[in-house]
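**Student:** can you look at this prediction? I've put the sequence above it.
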Amino acid sequence: MVDLKPYTHARGVSLLYFDENYAAAESVAALNLESADVQRITARVRELSAAQHLVFPDSDTLLERCVIALLGGHLILQGPPGTGKTTLAYALAAAFDASTRLETATADWSTYDVIGGLHPTSKGGIETLEPWLGHVPRAALECASVVARHEDAEEHEPRQAHWLIIDEFNRAEIDKAIGPLYTVLGGGAADNRLPLWFGDENGSGTYVWIPRRFRIIATMNTVDSNYVYTLSQGLTRRFQFIHVGVPDAGRLDDELTQARRTAADWYATTYGDGAFDADEFVASAAVARATDLLSDMLATLRYDDEAIGQAGWPLGTAQLVDVYRQVALRLPTGERDVESVLRAVDLALADRVIPQAGNLTSPQLSAIEAWLKTAPLPTSTLALRQLRSASATGY
Amino acid sequence: MTAVDQVVTAFDTAGWTALKQQSVHGGRSVNPTRVDLARGRQFLQLLVYAWKITGEGKGRVGTNYRIQTTRSHDGDLMSESSRLTLGFGIDEERGVLAVFDGWTKRATGGSSSVHIKRETLEGAVDTGFAEQAPLWDSRAAVRLPSVEPLLPWIARQRDRRRTAVHAKELDIDGRGARITCDLWDAAPAAWLRPKDQLMITDATDVQFVDPSIWEVDDVTLTVTTPGRNARRTVTFDCHRYGRVHAAAAKPLLSELTGRARG
């Protein structure tokens, strides 16, 4: 086969894809993100987040901090589960006109997953070892390809970059898995190459260029302590950390409205056959009664009680959406009276929310128990009792 | 013993075990046959056509030989996604096994011939292995009983192919293109499969018509003039893979058209 490498090396050929010639990505590696217009990009993220019914605490500041972080490098969004970190990561990438690839980290991640290695393959019956790129170099090469096509007028590529979103980053033994990336994640260097120990015979696999437009947005769940690996000082210097918490107490009404809307839209899109009226669900008086109950639950349990020094239970908006979804599933049409809606909420809390209280401290669980006594939620009360019993006895 | 049996036996002699030998159409029809071969941790999945090599027909030069590709089905030579289609020719007189790429020769008509030069067959007798140009229509021959020298040639058929062709029609739309080639006028076009790459030259191969390197997404073969020697076009739906700049155009064109090799 005619080899294009000598031609790309001599700048006689420009590639738009770098699957067989990693080194050629150098031609676009030095291009920076096109705009640092913080206001415009932040406004775009705000717009995209609103379209996803996301509600964040101190939203304007949070989004602006994320935009600033990404203009400078890589970002880790950390916070309790269900607060919209992953959806925010997508919205941020979209606001920067970057396509994305999502990978979910696991405790098994090693350098083979993240950087790559050799894997055995049969080529025409002849056994051989071929280079296999891990998540980061693969995404970086895709980024280089998007940049190259974006720069080529005839390609009409509207995106300027391609980014990697790593979900549940805390589940990986991060220092072990991405240690070799530390130098290139520093960013900004003129020679931003990721060395690969596994080259092919042509030398095409000896390094991968990390484009300056490439970003990693990772999400970390700060509650799920079973899976939290500690981060080294070296790593924390390579990422900007931004906390995405639960919405402020003053925005509960707005948050619950958005959660109802998200759940209703989900049901209408997924199972609605025309009989389900999403607007009616959102405005339903019976659902409003359930909303009052959930609002009281959040106001009572979610936020830290500084007077007694007790941490709150940081339930995310996603958990509320889950509750509303279950209500929609149980009562899609017909008579939706207060009693039946409360019964549906009780079951949803018992099945979807109470099980997530497993990591809470005993005083926090007692606070939930105390609140449940004030509410008509017998199944949730039983579920909590069973959870506490299981924690105490181990079965 | 059928010609396919003889091919499988040749691999068996080289230490390969046939895990599967299944005629696609069943019965006594062997062309084609799915053949899975294993040797240690090596594995080959082939769609095998096999025939005897015969002398050239009347009116031909007497120095060439041919494989008459009579088959048990209508239409083009078959291909399956996970298998490499290979056509074998057995030259019993010399004890030589010849081979060609079934994809490239898929559109040779219902009962036409693949020609093998005498020097290729005799080269295999002399040195154990010989290959016949051009690269885009490669035929190879190996001296039996050892098929071992054939394995790199077989492995190479999996590589991405890159060549230059004359286009009968060229429709570029932004990042994509639809390129139609007449196989009588642009023979290398038959060589190309999805994921292979091509560039478009003018009719005399003097310059590129378009500086783009196109990667093939889809291939469609069309009979434009039916008959015993049907005329066909092949249409490639492509996306742009790269661009060639002026300074590199001449040497690359020369390489792609094979002139650089003399």
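**Tutor:** Alright, I've got the coordinates.
**Student:** tally of neighbours for the closest residue to chain B within chain A?
**Tutor:** Chain B sits closest to A:G12 of chain A, with a gap of 2.5 Å, by CB to the nearest CB. Placement of C-beta: from N, CA and C, glycine included. The local packing of A:G12 (other CB atoms under 10 Å in any protein chain shown) involves 19 other residues.
**Student:** do B:I200 as well
**Tutor:** Neighbour count of B:I200, defined by other CB under 10 Å: 21.
**Student:** next one: A:Y271
**Tutor:** Using other CB under 10 Å: A:Y271 sits among 12 other residues.
**Student:** how about it, what does it touch?
**Tutor:** A:L329, A:P332 (CB atoms under 8 Å, 6 or more residues apart in numbering or on different chains).
**Student:** picking up where we left off before, so the residue of chain A closest to chain B sits against B:L252, correct?
**Tutor:** Yes: taking contacts as CB atoms under 8 Å, A:G12 lies within contact range of B:L252: 7.2 Å.
**Student:** what touches both of those two?
**Tutor:** B:V244.
**Student:** confidence score at the closest residue to B:A190 other than its chain neighbours?
**Tutor:** Take B:A190 and drop its neighbours on the chain: the residue closest to it by CB to CB, 6 or more residues apart in numbering or on different chains is B:T104, 5.1 Å away. At B:T104, the model reports a pLDDT of 88.
**Student:** with the one 10 residues further on instead?
**Tutor:** Predicted confidence (pLDDT) for B:V114: 85.
**Student:** what helix or strand is it located in?
**Tutor:** B:V114 is part of strand B:113-117 when elements are defined by DSSP states H and E.
**Student:** sheet-wise, list the partners of that strand with their directions.
**Tutor:** Taking DSSP bridges as the criterion, strand B:113-117 forms sheet pairs with strand B:64-68 (antiparallel).
**Student:** export the partner strand as PDB, just CAs?
**Tutor:** Coordinates of the C-alpha atoms in strand B:64-68 are reproduced here as PDB (Å, rounded to 0.1, in the frame of the first residue of the first chain):
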ATOM      1  CA  ASN B  64      -0.300 -17.500 -20.300                       C
ATOM      2  CA  TYR B  65      -2.600 -19.700 -18.300                       C
ATOM      3  CA  ARG B  66      -6.000 -19.100 -16.900                       C
ATOM      4  CA  ILE B  67      -8.400 -20.000 -14.200                       C
ATOM      5  CA  GLN B  68     -11.800 -20.400 -15.600                       C
END
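**Student:** and stretch A:169-181, how far out from the chain middle?
**Tutor:** Centre-to-centre, stretch A:169-181 and its host chain are 17 Å apart (CA atoms, centre = their mean, to the nearest Å).
**Student:** C-alpha coordinates for it, PDB please?
**Tutor:** Coordinates of the C-alpha atoms in stretch A:169-181 are reproduced here as PDB (Å, rounded to 0.1, in the frame of the first residue of the first chain):
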ATOM      1  CA  PHE A 169     -14.100   9.300  38.000                       C
ATOM      2  CA  ASN A 170     -13.800   8.500  41.700                       C
ATOM      3  CA  ARG A 171     -14.400   4.800  41.000                       C
ATOM      4  CA  ALA A 172     -11.100   4.400  39.200                       C
ATOM      5  CA  GLU A 173      -7.800   4.100  41.000                       C
ATOM      6  CA  ILE A 174      -6.900   7.300  39.300                       C
ATOM      7  CA  ASP A 175      -3.200   7.700  40.100                       C
ATOM      8  CA  LYS A 176      -2.600   4.200  38.800                       C
ATOM      9  CA  ALA A 177      -4.700   4.600  35.700                       C
ATOM     10  CA  ILE A 178      -3.800   8.000  34.500                       C
ATOM     11  CA  GLY A 179      -0.400   8.600  36.100                       C
ATOM     12  CA  PRO A 180       1.400   8.600  32.800                       C
ATOM     13  CA  LEU A 181      -0.900  11.400  31.600                       C
END
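**Student:** mind listing what the spatially most central residue of chain A touches?
**Tutor:** Most central in chain A under CA atoms, centre = their mean is A:T86, positioned 2.0 Å from the mean C-alpha point. When the contact criterion is CB under 8 Å, 6+ apart, the partners of A:T86 are A:L102, A:I165, A:D167, A:T219.
**Student:** widest-spaced pair of these?
**Tutor:** Spatial extent of the contacts of A:T86 (CB to CB) is set by the pair A:L102 and A:T219 at 9.7 Å.
**Student:** so what's the spatially closest residue to A:G72 that is not a sequence neighbour bridging to?
**Tutor:** Nearest residue to A:G72, sequence neighbours excluded (CB to CB, 6+ apart): A:Q240, at 6.9 Å. Using DSSP bridges, the bridge partners assigned to A:Q240 are A:L75.
**Student:** what about A:Q240, how many residues close to it?
**Tutor:** Residues near A:Q240, counting by other CB under 10 Å: 17.
**Student:** just to be sure, B:C181 is in a strand?
**Tutor:** Yes: judged by DSSP: H, G, I helix; E, B strand; the rest coil, B:C181 forms part of a strand.
**Student:** and the residue of chain B nearest chain A?
**Tutor:** Closest point on chain B to chain A, by CB to the nearest CB, is B:A248, at 2.5 Å.
**Student:** tell me what angle whichever strand or helix holds B:V8 forms with strand B:64-68.
**Tutor:** Using DSSP H and E, B:V8 sits in helix B:3-13. For helix B:3-13 against strand B:64-68, the angle by axes from the mean of the first three to the mean of the last three CA atoms, to 10 degrees is 110 degrees.
**Student:** OK, contacts around B:I213?
**Tutor:** A:L4, A:V13, A:L15, B:R162, B:Q197, B:L198, B:M199, B:R240, B:Y241, B:G242, B:R243, B:V244.
**Student:** how about the first one, nearest residue that isn't a chain neighbour?
**Tutor:** In this structure, A:L4 finds its nearest non-sequential neighbour in A:V13, 5.5 Å apart by CB to CB, 6+ apart.
**Student:** the third one too?
**Tutor:** Closest residue to A:L15 apart from its sequence neighbours, by CB to CB, 6+ apart: B:G242 at 4.1 Å.
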